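In: Give me a model of this one.
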Amino acid sequence: MGLLDSIIGSVVGGNAGPQQGAGANPLVGVLMSLLAARAGGGGLGGILGNANGGGLGGNQGGLGSLLGDGGGVGGLGALVEQFTQAGHGGAINSWIGQGQNQPIAPHDLGAALGPETVGQLSQQTGMGSSDLLSQLSPLLPGVVDQLTPQGRMPTEQEHALW
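Out: Just a heads-up that it's a prediction; the model follows:
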């Protein structure tokens, strides 16, 4: 996955390259799952079950349709749509756009992702929901920001480099 691995590794701690995947840090797998899903390409369920994708392994449940389809490029487009529908479009758009990233509180992140997604990610990582959201909320803005350096959603060609 190249660029996505590099960005997530640098934000999470630098030691979580593609060889280590989610085994080194469960948040790497969560971030990969949320952002790397490709429209029509199996979505989050495919990444969770794909050993070559650095995912979390196991379950190929309903998360694929939730995060892998929808407007924009792959999982990032679907994530933007989810945040917007949950009333947190301003936050995620600040991460994409140029300028300062708005923080997102753990409970707001949970509301944006939805209880089903949070529950399934918690189950996959073995982390409690509140712990997962507390650790993910400061990381996700930086990852999205670095994946959108021109202050816009990536094109299909740019996304293919992930």
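In: Poorly predicted segments of the protein, please.
Out: Where the chain drops to pLDDT under 70, the residues are 1, 14-24, 36-74, 159, 161-162.
In: Identify the residue spatially nearest to G90, adjacent ones excluded.
Out: The shortest distance from G90 to any residue that is not its chain neighbour, by CB to CB, 6 or more residues apart in numbering, is 6.6 Å, and that residue is Q102. To be clear about C-beta, it is placed using only N, CA and C from the backbone, and glycine gets the same treatment.
In: Over to the one you found. Which of the three states is it?
Out: With DSSP: H, G, I helix; E, B strand; the rest coil as the basis, the three-state label of Q102 is coil.
In: so who does it touch?
Out: By CB atoms under 8 Å, 6 or more residues apart in numbering, the residues touching Q102 are G90, A91, S94, W95, P141.
In: Only whichever of those are buried, select them in ChimeraX.
Out: ChimeraX command restricting the contacts of Q102 to the buried ones, with burial defined by 16 or more other CB atoms under 10 Å:
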select :91,94,95,141
